[in-house]
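Visitor: coords please:
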Amino acid sequence: EYDAVVTPETVNINCTFDAGYYSVGYTLDPLALKEVVSQPQFATCVKSVEYTPEKRYAGVKVLFKPPQSASAADGEQKAKREVFIGIFPSSKTVITGAVNWAEVDDAYDFASRLLLQHFETIRKPIDDNATRRQRQRTK
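Guide: From the prediction side, this is the model:
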């Protein structure tokens, strides 16, 4: 009976982190971030980058190609792997679609380095009026 049970395998790991822009008085500019990620230096690890607020998704969508997958032993199937990274104006980031911790590490390293190294280029001061309106709504 137990022989018929399939061994469980990880099919998706989700995680989030906050780069902390808000805590130092900033948000990030999604258009500037998209422009940075679109640079040729990222072509080997980024399959695509989009920012489509008209589709009601406020974040920058990055399809990341983990280097761990490309060098994996079982070849072509793993080489086609992609991990989704969603980076929001708050600098909160979602990583999903990884199937092992190495892919999570690679995606996290990519996204956190991107947000840190390009802080001066992609930061935007927090809009005090928007902050005031947000505070009023939560009272």
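Visitor: going by C-alpha atoms from here, please, whenever you check contacts or count neighbours.
Guide: Fine.
Visitor: tell me the helix or strand right after the helix with the most length in the chain.
Guide: Using DSSP state H to define each element, the chain has its longest helix at helix 101-117. Of the helices and strands lying after helix 101-117 in sequence (DSSP states H and E), the nearest is helix 119-122.
Visitor: now do the residue nearest the centre of the chain against residue 30, distance only.
Guide: For the chain, the residue sitting closest to the mean C-alpha position, by C-alpha atoms, centre = their mean, is residue 85 at 2.4 Å. Using C-alpha to C-alpha, to the nearest Å, residue 85 is found at 13 Å from residue 30.
Visitor: mutual contacts of the two, please.
Guide: Residues touching both residue 85 and residue 30 (C-alpha atoms under 8 Å, 6 or more residues apart in numbering): there are none.
Visitor: contacts only, for the residue nearest to the centre of the chain.
Guide: Per C-alpha under 8 Å, 6+ apart, neighbours of residue 85: 61, 62, 63, 64, 93, 94, 95, 96, 107, 111.
Visitor: among these, which are located in strands?
Guide: 61, 62, 63, 64, 93, 94, 95, 96 (DSSP state E).
Visitor: where in the protein is the helix or strand with the lowest mean pLDDT?
Guide: Every helix and strand of the chain was ranked by mean pLDDT, DSSP states H and E. The lowest is helix 76-79, at a mean of 50.
Visitor: next secondary structure after that helix?
Guide: strand 83-87.
Visitor: can you list the buried residues in that following strand?
Guide: 83, 84, 85, 86, 87 (16 or more other C-alpha atoms under 10 Å).
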